[in-house]
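Asks: Sequence and computational prediction follow.
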Amino acid sequence: MTTPRGLHAQVLDTLGQRIVSGASPAGVVLRPEEIATEFGVSRSVVREALRVLQSLGLVEPRQRIGTQVLPVTSWELLSPSVIRWRGLSDGYFVQQRELLELRLGIEPVAASLLAGRGAEAGAPVLAAALEMVAAAASGDGRAYLEADVHFHRALLTGSGNAVFGHFAGTVEALLRTRTSESRDTITRWTGAAAGRHEAVGRAVVAGDADAAAAAATAMVGVTRDEFIAEAAGR
């Protein structure tokens, strides 16, 4: 039997995906009674799901109108939930490009800051990069992804900048959208990408801030260019 939490998650995920995919476009009014009937759930489950969607900027209750879907300009685009839903939609490549462009302005700075904090602080970044190299060589995609997540989390949280550290959750959510993306053939570059991650790790451990920033720029920039080329070929 489905638990209340499971019912809430099911309703929330379905409504969220409908909104970000455009199936429920901006201006549409979501009616709780219709949602409750569709999913066979109580009004309280629907209200809880709508409250979460409101907190993410996807909907807003309007007097005498109801709960109305908002345009993308109102969405919390850095929220892991929104990232996951966009990752399942036709906006997958757009989201990848947009967030990679944002990461180009953040991760090189984080690498530079981390390089100034000493070899011990940077050691987890290099260790994760070496795990990526080993996983790429063995063809272990799951291990590669987990090491990739650990690498970026260690880079951002290790920078000493609390805002960068908070951004680690956004980057992790973005990386994990690739696991279910059948349209994405970026995996053919994982060997070279692992090498670029290693270059960042070695520069950080060496305490070379300029080299760390340059390596991080190359790491994110090449991936950004690959996604642009991938999208253009479709």
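Replies: All right, it came through fine.

Asks: Average pLDDT for the longest helix along the chain, rounded please.
Replies: Longest helix in the chain, counting residues (DSSP state H): helix 209-232. Regarding helix 209-232, the rounded mean pLDDT is 93.

Asks: before we move on, which element is the residue sitting furthest away from the middle of the chain in?
Replies: Within the chain, the residue lying farthest from the chain centre (CA atoms, centre = their mean) is Arg64, at 36.0 Å. Using DSSP states H and E, Arg64 is not contained in any helix or strand.

Asks: Test for you: state the pLDDT assigned to it.
Replies: 87.

Asks: buried stuff in the longest helix of the chain?
Replies: For helix 209-232, burial by neighbour count (16 or more other CB atoms under 10 Å) applies to 209, 211-217, 219-221, 223-224, 226-227, 230. C-beta here means a position set from N, CA and C on the backbone, and glycine is covered the same way.

Asks: Determine which two of these are furthest apart.
Replies: Within those, Ala209 and Glu230 form the most distant pair, 31.9 Å apart (CB to CB).

Asks: Identify the residues contacting the helix or strand harbouring Leu130?
Replies: Taking DSSP H and E as the criterion, Leu130 maps to helix 119-138. Contacts to helix 119-138, defined as CB atoms under 8 Å, 6 or more residues apart in numbering, come from residues 114-115, 141, 143-144, 147-148, 150-151, 154-155, 158, 190-191, 193-195, 197-198, 200-202, 204-207.

Asks: try it again with 7 Å
Replies: 114-115, 143-144, 147-148, 150-151, 154-155, 158, 190-191, 194-195, 197-198, 200-202, 204-205, 207 (CB atoms under 7 Å, 6 or more residues apart in numbering).

Asks: Just the buried residues of those.
Replies: Of these, these count as buried by 16+ other CB under 10 Å: 114-115, 144, 147-148, 150-151, 154-155, 158, 190, 194, 197-198, 200-202, 204-205, 207.

Asks: Which ones among those map onto helices?
Replies: Judged by DSSP H, helices contain the following of the buried ones among the contacts of helix 119-138: 114-115, 144, 147-148, 150-151, 154-155, 158, 190, 194, 197-198, 200-202, 204-205.

Asks: State the distance from the closest residue to Val41 other than its chain neighbours to Asp208.
Replies: The shortest distance from Val41 to any non-neighbouring residue, by CB to CB, 6 or more residues apart in numbering, is to Leu7 (5.1 Å). From Leu7 across to Asp208, the span is 53 Å (CB to CB, to the nearest Å).

Asks: do the same with Gly27
Replies: 52 Å.

Asks: And for Val109?
Replies: Val109 is 15 Å from Asp208, by CB to CB.

Asks: so is Glu60 in a helix, a strand, or just coil?
Replies: Under DSSP: H, G, I helix; E, B strand; the rest coil, the three-state class of Glu60 is strand.

Asks: What is the burial count for it?
Replies: 14 (other CB atoms under 10 Å).

Asks: who touches it in this structure?
Replies: 54, 68, 70.

Asks: Could you tell me which of those residues belong to helices?
Replies: Counting by DSSP H, the part of these found in helices is Gln54.

Asks: residues touching the residue most central in space within the chain, list them.
Replies: Against the mean C-alpha coordinate of the chain, by CA atoms, centre = their mean, the closest residue is Leu174 at 2.0 Å. Contact analysis of Leu174 by CB under 7 Å, 6+ apart lists 83, 99.

Asks: Sweet, I'm off.
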